[in-house]
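K.L.:
Provided below for reference: sequence and predicted model.
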Amino acid sequence: MTIRVDIRKTLRAGPRSFQLDARFESASKRVVIYGASGAGKSQMLKAIAGLSRPDAGEIELDGTRLFDSGAGIDVPAQRRRVGYLFQDYALFPHLNVRQNIGFGLQRGWFNPARRGEPEAVRYWLEAFGLAEVAHQLPAELSGGQRQRVALARAVVAEPAALLLDEPFAALDPALRVRMRSELDALQRRLDIPMLLITHDPDDAATFGGHVLTMADGRVAGEGYDG
(Lines give C-alpha, C1' and ligand atoms only; values in the text may rest on other atoms or scores of the structure.)
Protein backbone atom coordinates (compact mmCIF):
# COMPACT_ATOMS: atom_id res chain seq x y z
CA MET A 1 0.00 0.00 0.00
CA THR A 2 1.15 3.50 -0.78
CA ILE A 3 -0.75 6.26 0.96
CA ARG A 4 -0.26 9.99 1.03
CA VAL A 5 -2.27 12.28 3.30
CA ASP A 6 -1.99 16.06 3.47
CA ILE A 7 -5.23 17.50 4.87
CA ARG A 8 -6.55 20.31 6.98
CA LYS A 9 -9.90 20.59 8.73
CA THR A 10 -11.27 22.82 11.48
CA LEU A 11 -13.76 21.18 13.85
CA ARG A 12 -15.99 23.34 16.03
CA ALA A 13 -18.20 22.54 19.03
CA GLY A 14 -19.72 25.69 20.48
CA PRO A 15 -16.93 28.13 21.36
CA ARG A 16 -14.24 25.44 21.08
CA SER A 17 -12.37 24.52 17.93
CA PHE A 18 -9.84 21.84 16.93
CA GLN A 19 -7.45 22.06 14.02
CA LEU A 20 -6.57 18.88 12.12
CA ASP A 21 -3.39 19.43 10.09
CA ALA A 22 -2.22 15.93 9.19
CA ARG A 23 0.56 15.01 6.78
CA PHE A 24 2.25 11.66 6.17
CA GLU A 25 3.32 9.25 3.45
CA SER A 26 3.84 5.51 3.72
CA ALA A 27 4.52 2.48 1.54
CA SER A 28 4.08 -0.01 4.40
CA LYS A 29 1.37 -2.67 4.44
CA ARG A 30 0.90 -1.91 8.12
CA VAL A 31 0.52 1.67 9.26
CA VAL A 32 -0.25 2.33 12.94
CA ILE A 33 -1.38 5.80 14.02
CA TYR A 34 -0.69 6.04 17.75
CA GLY A 35 -1.72 8.80 20.13
CA ALA A 36 -3.87 9.83 23.07
CA SER A 37 -7.63 10.27 22.83
CA GLY A 38 -8.46 13.61 21.23
CA ALA A 39 -5.30 13.70 19.10
CA GLY A 40 -7.32 13.71 15.87
CA LYS A 41 -6.70 10.08 14.84
CA SER A 42 -10.34 9.15 14.19
CA GLN A 43 -10.99 12.37 12.27
CA MET A 44 -8.07 11.62 9.97
CA LEU A 45 -9.21 8.03 9.43
CA LYS A 46 -12.75 9.17 8.60
CA ALA A 47 -11.33 11.60 6.06
CA ILE A 48 -9.37 8.80 4.38
CA ALA A 49 -12.51 6.64 4.28
CA GLY A 50 -14.61 9.45 2.84
CA LEU A 51 -16.83 9.72 5.92
CA SER A 52 -15.62 13.27 6.66
CA ARG A 53 -14.61 15.94 4.15
CA PRO A 54 -11.44 17.94 4.83
CA ASP A 55 -11.49 21.70 4.33
CA ALA A 56 -8.42 21.46 2.11
CA GLY A 57 -5.65 19.11 1.00
CA GLU A 58 -5.13 15.79 -0.75
CA ILE A 59 -5.54 12.06 -0.03
CA GLU A 60 -4.02 9.48 -2.36
CA LEU A 61 -4.17 5.67 -2.09
CA ASP A 62 -2.12 3.43 -4.39
CA GLY A 63 -1.79 6.18 -6.97
CA THR A 64 -5.49 7.07 -6.97
CA ARG A 65 -6.50 10.50 -5.73
CA LEU A 66 -9.43 10.06 -3.37
CA PHE A 67 -9.57 13.72 -2.41
CA ASP A 68 -8.03 16.86 -3.88
CA SER A 69 -9.60 20.14 -2.87
CA GLY A 70 -7.70 22.07 -5.54
CA ALA A 71 -8.85 19.79 -8.36
CA GLY A 72 -12.39 19.37 -7.01
CA ILE A 73 -11.96 15.62 -6.46
CA ASP A 74 -13.89 13.92 -3.64
CA VAL A 75 -14.49 10.22 -4.38
CA PRO A 76 -17.64 8.99 -2.54
CA ALA A 77 -17.00 6.66 0.39
CA GLN A 78 -18.65 3.66 -1.31
CA ARG A 79 -16.25 3.97 -4.26
CA ARG A 80 -13.02 4.29 -2.28
CA ARG A 81 -12.64 0.50 -1.92
CA VAL A 82 -11.66 0.63 1.74
CA GLY A 83 -13.05 -1.54 4.51
CA TYR A 84 -13.79 0.46 7.65
CA LEU A 85 -14.06 -1.00 11.15
CA PHE A 86 -15.71 1.44 13.56
CA GLN A 87 -14.58 1.59 17.18
CA ASP A 88 -18.01 0.40 18.40
CA TYR A 89 -18.30 -1.94 15.36
CA ALA A 90 -21.56 -0.20 14.23
CA LEU A 91 -23.42 -3.45 13.61
CA PHE A 92 -27.07 -3.14 12.62
CA PRO A 93 -28.99 -4.32 15.71
CA HIS A 94 -32.04 -5.54 13.74
CA LEU A 95 -29.97 -7.63 11.29
CA ASN A 96 -28.56 -11.05 12.11
CA VAL A 97 -24.89 -11.99 11.66
CA ARG A 98 -25.41 -13.23 8.09
CA GLN A 99 -27.20 -10.03 7.10
CA ASN A 100 -24.65 -7.76 8.76
CA ILE A 101 -21.83 -9.39 6.81
CA GLY A 102 -23.87 -9.35 3.60
CA PHE A 103 -24.51 -5.65 4.01
CA GLY A 104 -20.89 -5.08 2.98
CA LEU A 105 -21.85 -6.29 -0.51
CA GLN A 106 -25.03 -4.22 -0.81
CA ARG A 107 -25.55 -1.21 -3.02
CA GLY A 108 -28.06 1.15 -1.49
CA TRP A 109 -29.92 0.58 1.75
CA PHE A 110 -31.79 -2.65 1.06
CA ASN A 111 -31.40 -5.18 3.85
CA PRO A 112 -29.98 -8.57 2.79
CA ALA A 113 -32.33 -11.55 3.08
CA ARG A 114 -32.38 -13.29 6.45
CA ARG A 115 -31.69 -16.69 4.87
CA GLY A 116 -29.35 -17.64 2.09
CA GLU A 117 -26.22 -15.67 1.21
CA PRO A 118 -23.69 -15.08 -1.55
CA GLU A 119 -20.69 -17.38 -1.62
CA ALA A 120 -18.48 -14.62 -0.19
CA VAL A 121 -20.68 -14.31 2.90
CA ARG A 122 -20.68 -18.08 3.38
CA TYR A 123 -16.88 -18.10 3.10
CA TRP A 124 -16.38 -15.44 5.79
CA LEU A 125 -18.92 -17.02 8.12
CA GLU A 126 -16.76 -20.13 8.07
CA ALA A 127 -13.42 -18.30 8.09
CA PHE A 128 -14.35 -16.31 11.22
CA GLY A 129 -16.03 -19.21 13.01
CA LEU A 130 -19.44 -17.53 12.84
CA ALA A 131 -21.49 -20.14 10.96
CA GLU A 132 -23.13 -21.43 14.15
CA VAL A 133 -24.32 -17.95 15.15
CA ALA A 134 -25.23 -16.77 11.64
CA HIS A 135 -28.91 -16.39 12.60
CA GLN A 136 -28.26 -14.47 15.85
CA LEU A 137 -28.57 -10.72 16.41
CA PRO A 138 -25.61 -8.59 17.60
CA ALA A 139 -27.09 -8.28 21.10
CA GLU A 140 -26.83 -12.06 21.47
CA LEU A 141 -23.11 -12.18 20.66
CA SER A 142 -19.96 -11.89 22.76
CA GLY A 143 -17.57 -8.97 22.30
CA GLY A 144 -15.17 -11.09 20.29
CA GLN A 145 -17.95 -12.38 18.04
CA ARG A 146 -19.19 -8.85 17.36
CA GLN A 147 -15.70 -7.81 16.36
CA ARG A 148 -15.41 -10.78 14.00
CA VAL A 149 -18.74 -9.88 12.38
CA ALA A 150 -17.59 -6.29 11.87
CA LEU A 151 -14.28 -7.48 10.40
CA ALA A 152 -16.05 -9.91 8.08
CA ARG A 153 -18.34 -7.11 6.87
CA ALA A 154 -15.28 -4.92 6.25
CA VAL A 155 -13.39 -7.51 4.15
CA VAL A 156 -16.25 -9.27 2.32
CA ALA A 157 -16.11 -6.86 -0.62
CA GLU A 158 -12.34 -7.37 -1.03
CA PRO A 159 -11.25 -3.80 -0.23
CA ALA A 160 -7.93 -2.35 -1.34
CA ALA A 161 -7.15 -1.44 2.29
CA LEU A 162 -8.56 -2.02 5.76
CA LEU A 163 -9.04 0.96 8.11
CA LEU A 164 -9.41 0.12 11.80
CA ASP A 165 -10.56 2.64 14.41
CA GLU A 166 -9.43 1.49 17.89
CA PRO A 167 -10.50 -2.12 17.13
CA PHE A 168 -9.75 -3.47 20.63
CA ALA A 169 -10.91 -0.58 22.81
CA ALA A 170 -14.32 -2.16 23.55
CA LEU A 171 -12.85 -5.51 24.67
CA ASP A 172 -11.80 -6.65 28.12
CA PRO A 173 -8.01 -7.12 28.61
CA ALA A 174 -7.92 -10.90 28.16
CA LEU A 175 -10.06 -10.83 25.02
CA ARG A 176 -8.04 -7.90 23.70
CA VAL A 177 -4.88 -10.02 23.73
CA ARG A 178 -6.58 -12.88 21.86
CA MET A 179 -8.28 -10.69 19.27
CA ARG A 180 -5.07 -8.75 18.68
CA SER A 181 -3.39 -12.05 17.84
CA GLU A 182 -6.28 -13.09 15.59
CA LEU A 183 -6.20 -9.83 13.64
CA ASP A 184 -2.43 -10.08 13.28
CA ALA A 185 -2.80 -13.58 11.78
CA LEU A 186 -5.74 -12.52 9.57
CA GLN A 187 -3.87 -9.57 8.07
CA ARG A 188 -0.88 -11.77 7.30
CA ARG A 189 -3.10 -14.44 5.72
CA LEU A 190 -5.09 -12.01 3.57
CA ASP A 191 -2.04 -9.86 2.82
CA ILE A 192 -4.35 -6.85 2.88
CA PRO A 193 -2.89 -3.39 3.59
CA MET A 194 -4.02 -2.07 6.96
CA LEU A 195 -4.12 1.31 8.67
CA LEU A 196 -4.89 1.02 12.39
CA ILE A 197 -5.35 3.81 14.92
CA THR A 198 -4.90 3.24 18.64
CA HIS A 199 -4.01 4.80 21.98
CA ASP A 200 -2.62 1.46 23.26
CA PRO A 201 1.17 0.98 22.92
CA ASP A 202 0.66 -2.81 22.86
CA ASP A 203 -1.23 -2.46 19.57
CA ALA A 204 1.65 -0.51 18.07
CA ALA A 205 4.12 -3.14 19.32
CA THR A 206 2.06 -6.03 17.90
CA PHE A 207 1.35 -4.64 14.45
CA GLY A 208 4.60 -2.79 13.91
CA GLY A 209 5.16 -1.64 10.35
CA HIS A 210 5.17 2.14 9.99
CA VAL A 211 4.25 3.68 13.35
CA LEU A 212 3.18 7.33 13.40
CA THR A 213 2.62 9.29 16.60
CA MET A 214 -0.16 11.87 16.52
CA ALA A 215 -0.75 14.77 18.92
CA ASP A 216 -2.87 17.92 18.76
CA GLY A 217 -4.12 17.16 15.26
CA ARG A 218 -0.64 16.65 13.78
CA VAL A 219 1.73 13.76 13.08
CA ALA A 220 4.44 14.49 15.63
CA GLY A 221 6.80 11.58 14.99
CA GLU A 222 7.30 8.32 13.12
CA GLY A 223 9.33 5.15 13.09
CA TYR A 224 9.45 1.62 11.73
CA ASP A 225 9.05 -1.51 13.82
CA GLY A 226 9.31 -5.03 12.46
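P.N.:
Nice, I can see it.
K.L.:
Neighbours of residue 76, how many?
P.N.:
By other Cβ atoms under 10 Å, 8 other residues sit near residue 76. For glycine as for every other residue, the C-beta is placed from the backbone atoms N, C-alpha and C.
K.L.:
What's the per-residue pLDDT of it here?
P.N.:
Looking at residue 76, its pLDDT reads 94.
K.L.:
Repeat that for residue 26.
P.N.:
Taking residue 26 on its own, its pLDDT is 94.
K.L.:
Report the contact partners of the closest residue to it other than its chain neighbours.
P.N.:
Distances taken as Cβ to Cβ, 6 or more residues apart in numbering put residue 210 closest to residue 26, at 4.6 Å, once the chain neighbours are dropped. Contact analysis of residue 210 by Cβ atoms under 8 Å, 6 or more residues apart in numbering lists 26, 28, 30, 31, 32, 222, 223, 224.
K.L.:
Please check these and keep the buried ones.
P.N.:
Buried residues within these, defined by neighbour count using 16 or more other Cβ atoms under 10 Å: 26, 28, 30, 31, 32, 222.
K.L.:
which of the residues you listed lies closest to residue 135?
P.N.:
Distances from residue 135 to those, taken as Cβ to Cβ, are shortest for residue 30 (34.7 Å).
K.L.:
What's opposite the closest residue to the closest one other than its chain neighbours in the beta bridge?
P.N.:
Nearest in space to residue 30, with sequence neighbours left out and distances taken as Cβ to Cβ, 6+ apart, is residue 209 at 2.8 Å. Residue 209 forms beta bridges with residue 225, as assigned by DSSP bridges.
K.L.:
Would you agree residue 209 is in contact with residue 27?
P.N.:
No. In this structure, residue 209 is not within contact of residue 27 by Cβ atoms under 8 Å, at 10.3 Å.
K.L.:
that older thread, now do the residue nearest to residue 30: how many residues are near it, please.
P.N.:
If we define neighbours as other Cβ under 10 Å, then residue 209 has 21 of them.
K.L.:
list the contacts for it?
P.N.:
28, 29, 30, 31, 32, 224, 225, 226.
K.L.:
now, the most widely separated pair of these?
P.N.:
So, the contacts of residue 209 by Cβ to Cβ: farthest apart are 29 and 225, at 13.2 Å.
K.L.:
ok, those two, which is more surrounded?
P.N.:
For residue 29 versus residue 225, the count of surrounding residues by other Cβ under 10 Å is larger for residue 29: 16 against 13.
K.L.:
which residues of this protein fall in helices?
P.N.:
Per DSSP state H, the chain carries helices over the ranges 41-49, 97-102, 119-127, 143-155, 173-190, 201-207.
K.L.:
May I ask which of the contacts of residue 210 comes out lowest in pLDDT?
P.N.:
Lowest pLDDT among those: residue 224, 78.
K.L.:
Correct me if wrong: that one contacts residue 27.
P.N.:
No. At 10.9 Å, residue 224 does not count as touching residue 27 under the criterion of Cβ under 8 Å.
K.L.:
Do you know the pLDDT at the nearest residue to residue 76 once chain neighbours are set aside?
P.N.:
The spatial neighbour of residue 76 that comes closest, neighbours along the chain excluded (Cβ to Cβ, 6+ apart), is residue 50 at 6.2 Å. Residue 50 is assigned a pLDDT of 96 by the prediction.
K.L.:
Please apply the same query to residue 206.
P.N.:
pLDDT, residue 206: 88.
K.L.:
how close does the nearest residue to it once chain neighbours are set aside sit to residue 48?
P.N.:
Spatially, and ignoring its direct neighbours in sequence, residue 206 is nearest to residue 180 (5.3 Å; Cβ to Cβ, 6+ apart). Residue 180 sits 22 Å away from residue 48, going by Cβ to Cβ, to the nearest Å.
K.L.:
No further questions, thank you.
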